[in-house]
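Q: got a predicted structure here, sequence first:
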Amino acid sequence: MDAPLSSEEWRRLFRELFSKGIWVRMWEPLCFHTTIRIGGQAALFAYPPDAQKLVEVLSVLRNTNVPFKVLGAGSNTVPPDGNLEMAVVSLSHMSRLDISDEYVTAEAGVPLFKLVNTCMVEGLSGLEFLAGIPGSVGGAVRMNAGAFGYSVAHALVEVCVLDEKGSRFTLTPQEAKFGYRRSVFFEKDWTVISAKFRLARSSPTTVRKSMLSYLEKRLATQPLELPSAGSVFKRPRDGFYVGKAVEELGLKGYRIGGATISERHAGFIVNLGGATYEDVVALVRLVKKRIKERYDVDLETEVEFWGEPP
Ligand SMILES: Cc1cc2nc3c(=O)[nH]c(=O)nc-3n(C[C@H](O)[C@H](O)[C@H](O)COP(=O)(O)OP(=O)(O)OC[C@H]3O[C@@H](n4cnc5c(N)ncnc54)[C@H](O)[C@@H]3O)c2cc1C
């Protein structure tokens, strides 16, 4: 971006998007859209209702040369505080879900809770491990979200993608280069439009049972009652559990401002009320430093920080 837009230029952009039939807001508090309840006001916040409108929004933003980010359910994201001279494109209104035999196609904004519950009702098995993850399909594909030994890539057949030039195409799981919390979407400025999964025929009762067992495990181990962005760090290598290591360092319950290392799961940072971006960043830096000193391990964050990186 060359120079920040003036208020009048942001308003002009607002009117341009609104007149295309896109629901858009100005100075929208991002803390309403992140599970950790942190984030300042984005100058523009747009909700394209479908893939075609998404293409239009991104094309307008790119042509205007304003910085922008795509947001799913905001469960893996911490935006900075204050006024943010950026646009945020929320995919939460792109939430179509189609089922055909054992195939489920979900638009990027479909909440994982809805995906998992729909599969359960249909007696389709294969995504139960996602139960309790408060993300969206798009965010889960980008992150290759996973738990209990499974990840999104296991059941994925293809991903429909929008590239930086506005072209739409599909990727196979191989082309999406999935790995542990990693995908091609970290290398390319591409947006997930939808994902198609192939599941196994089962019965609603069986799927429900396995779903409930995963939910119980989460309830027992994660601080789900408090705002957080999930596990802050990636596992640096097999067998090294960050939560356990942080606990061994005696950092459970360590607090900076409104943010604290969870007593329930030391891999989580929770917002006790009024936590700021800086509070979370300071905690992350502290953990990274102490882990490096004690274990000579370099931690990488799984959570995405939209401001100054920790
Ligand atoms: C309580 C809790 C428990 C969690 N448990 C797990 C777990 O067990 N396993 C796990 O893997 N994760 C877990 N998470 C983290 C998080 O829920 C997942 O990573 C989830 O898949 C993120 O999806 P989202 O839609 O919320 O992503 P967002 O936070 O909205 O976005 C994350 C990143 O992806 C980008 N993005 C979003 N949508 C798209 C799209 N359509 N195309 C391209 N880029 C996009 C955003 O720009 C951002 O950079 C947990 C989080 C919480 C709060």
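A: Received, thanks.

Q: buried ones in stretch 8-27?
A: For stretch 8-27, burial by neighbour count (16 or more other CB atoms under 10 Å) applies to Trp10, Leu13, Phe14, Leu17, Ile22, Val24, Arg25. From N, CA and C alone the C-beta is placed, and that goes for glycine too.

Q: got it, and stretch 284-292?
A: For stretch 284-292, a neighbour-count test (16+ other CB under 10 Å) marks Val284, Leu286, Val287, Lys288, Arg290, Ile291 as buried.

Q: quick one: average pLDDT of that stretch?
A: Mean per-residue pLDDT for stretch 284-292: 98.

Q: please verify my assumption that Ala51 contacts Arg168.
A: Yes. Ala51 is within contact range of Arg168, at 7.1 Å (criterion: CB atoms under 8 Å).

Q: can you list residues touching both of these two?
A: Both Ala51 and Arg168 are contacted by Cys160, Leu162, Ile193, under the criterion CB atoms under 8 Å, 6 or more residues apart in numbering.

Q: tell me which of these fall in strands.
A: With strands taken from DSSP state E, the overlap with the shared contacts of Ala51 and Arg168 comprises Cys160, Leu162, Ile193.

Q: which residues in the stretch 51-200 of the chain form strands?
A: In the stretch 51-200 of the chain, the segments counted as strands under DSSP state E, counting those that start in this stretch are 68-71, 77-78, 83-90, 97-100, 103-107, 124-125, 146-147, 150-151, 156-162, 168-171, 191-198, 200-201.

Q: any idea how many residues pack against Ile261?
A: Around Ile261 there are 25 other residues, counting by other CB atoms under 10 Å.

Q: quick one, what contacts it?
A: So Ile261 contacts Val246, Leu251, Lys252, Gly253, Tyr254, Arg255, Phe268, Ile269, Leu283, Val287 (CB under 8 Å, 6+ apart).

Q: quick check: nearest residue in space to Ala282, chain neighbours excluded?
A: Excluding its sequence neighbours, the residue lying closest to Ala282 (CB to CB, 6 or more residues apart in numbering) is Ile256, at 4.8 Å.

Q: show me what the one you found is bridged to.
A: Ala259 (DSSP bridges).

Q: report pLDDT for it.
A: Predicted confidence (pLDDT) for Ile256: 98.

Q: which ones are touching it?
A: Shown in contact with Ile256 (CB under 8 Å, 6+ apart): Asp279, Ala282, Leu283, Leu286.

Q: in which helix or strand would I find the last one?
A: The secondary structure element spanning Leu286 is helix 277-295 (assigned by DSSP states H and E).
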